[in-house]
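> how would this look folded up:
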Amino acid sequence: MMKIVVMLKAVPDTETRFQIREDEKDVVYDDSIEWIPSPYDEYALEAAIQTKEKLGGTVTLLTLGKGVESQVIRKALAMGADDAVLVNNEDLANSDPLGIAKVLAKELEALQPDLVFAGRLATDTADSFVGPAVGELLNMPVVAEISGLEAEEGKIIVTRDATARKEKFEITLPAIVTTDKGLNEPRYPKLPDIMKAKRKKVDEKDGSGYLEFAGTANRKVTQIKVEFPPAKKGGVIFTGDLDEAVEKLVDALHNKEKVI
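Next up, the predicted model:
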């Protein structure tokens with residue numbers, strides 16, 4: 001029986017229109033935000049469920065939370081995860097990626113999984129650090145951004161898209177992989193599965209014991225300012241026949257934009 005863990009993060013819906021705080025150090029997180037599973041983590045969850053369906057075992061969710069994760073976890077349980085571990089502490093959840101990786105690594109030490117899945121990045125921070133960092137902290141092999149997976153007893157074979165080539169790796173378990181878009185199509189929970197999810201166990205833990213080595217007070221990287229990107233300039237339409245338009249375009253690129 002394979003023991004599988006999925007590191008799951010709750011993030012604001014990707015369509016959220018943010019406002020920046022007055023101190024410009026972060027965006028405003030208020031009740032108007034809809035929290036969803038990080039989309040790349042859903043690929044990880046689907047891969048975990050498919051692996052369980054093929055080889056047997058259990059899928060456990062591992063989440064570091066700050067009080068907004070309830071619906072996100074229930075959706076993931078309805079998709080097919082068996083149970084969840086939620087380490088609740090807002091200070092920890094707002095730590096830097098290294099602090100978060102340290103907490104997740106400690107929880108994984110207790111869970112003793114055969115295989116760990118995570119999304120290739122968190123869509124709220126565009127950070128790809130946590131999955132590989134957890135592997136380093138636990139001395140576990142890691143392959144990041146996989147686009148294909150074949151699971152067998154005691155090992156997995158994964159495919160990774162690289163520049164102008166595909167790479168294939170065989171990994172002896174236990175191991176960690178991070179998942180890319182295109183690996184699979186995450187399933188939609190059905191009504192009976194949504195009802196069953198309400199009865200599945202969520203082990204909520206107080207994460208304050210981890211504050212001695214993680215949390216905002218122990219940050220190595222601190223976000224000091226957030227700002228919106230500058231508005232895009234309006235486009236330019238070059239008129240005339242094809243030769244005239246091309247000549248105007250080349251002149252603008254060479255003399256005005258200085259790119260050629």
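
> got the buried residues for the helix of greatest length in the chain?
Using DSSP state H to define each element, the chain has its longest helix at helix 39-55. Neighbour counts over helix 39-55 (16 or more other CB atoms under 10 Å) mark 39-52, 55 as buried. Where you see a C-beta, it was placed from the backbone N, CA and C, and this is true even at glycine.

> Quickly list the domain ranges of this protein.
Taking automatic domain parsing as the reference, the chain has its domains at 2-218, 230-260.

> just the helices in this protein please.
Using DSSP H, helices in the chain cover 39-55, 70-79, 90-93, 97-111, 130-138, 191-197, 242-251.

> the inter-axis angle of the longest helix of the chain versus helix 130-138?
60 degrees (axes from the mean of the first three to the mean of the last three CA atoms, to 10 degrees).

> Could you tell me the angle between helix 39-55 and helix 70-79?
30 degrees.

> In PDB, please show the C-alpha coordinates belonging to helix 39-55.
Below are the C-alpha coordinates for helix 39-55, written out as PDB (Å, rounded to 0.1, in the frame of the first residue of the first chain):
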ATOM      1  CA  PRO A  39      -4.100  25.200 -10.000                       C
ATOM      2  CA  TYR A  40      -0.800  23.400 -10.300                       C
ATOM      3  CA  ASP A  41      -1.600  21.600  -7.100                       C
ATOM      4  CA  GLU A  42      -4.700  20.300  -8.700                       C
ATOM      5  CA  TYR A  43      -2.600  18.500 -11.300                       C
ATOM      6  CA  ALA A  44      -0.500  17.100  -8.400                       C
ATOM      7  CA  LEU A  45      -3.700  15.900  -6.600                       C
ATOM      8  CA  GLU A  46      -5.000  14.300  -9.800                       C
ATOM      9  CA  ALA A  47      -1.700  12.500 -10.300                       C
ATOM     10  CA  ALA A  48      -1.800  11.300  -6.700                       C
ATOM     11  CA  ILE A  49      -5.300   9.900  -7.000                       C
ATOM     12  CA  GLN A  50      -4.500   8.200 -10.300                       C
ATOM     13  CA  THR A  51      -1.400   6.600  -8.700                       C
ATOM     14  CA  LYS A  52      -3.600   5.400  -5.800                       C
ATOM     15  CA  GLU A  53      -6.200   4.000  -8.200                       C
ATOM     16  CA  LYS A  54      -3.400   2.000 -10.000                       C
ATOM     17  CA  LEU A  55      -1.300   0.800  -7.100                       C
END
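
> May I have the strands that pair with the longest strand belonging to the chain, each with its orientation?
Criterion DSSP state E: the longest strand present in the chain is strand 142-152. Strand 142-152 has the following sheet partners, assigned by DSSP bridges: strand 155-162 (antiparallel), strand 175-179 (parallel).
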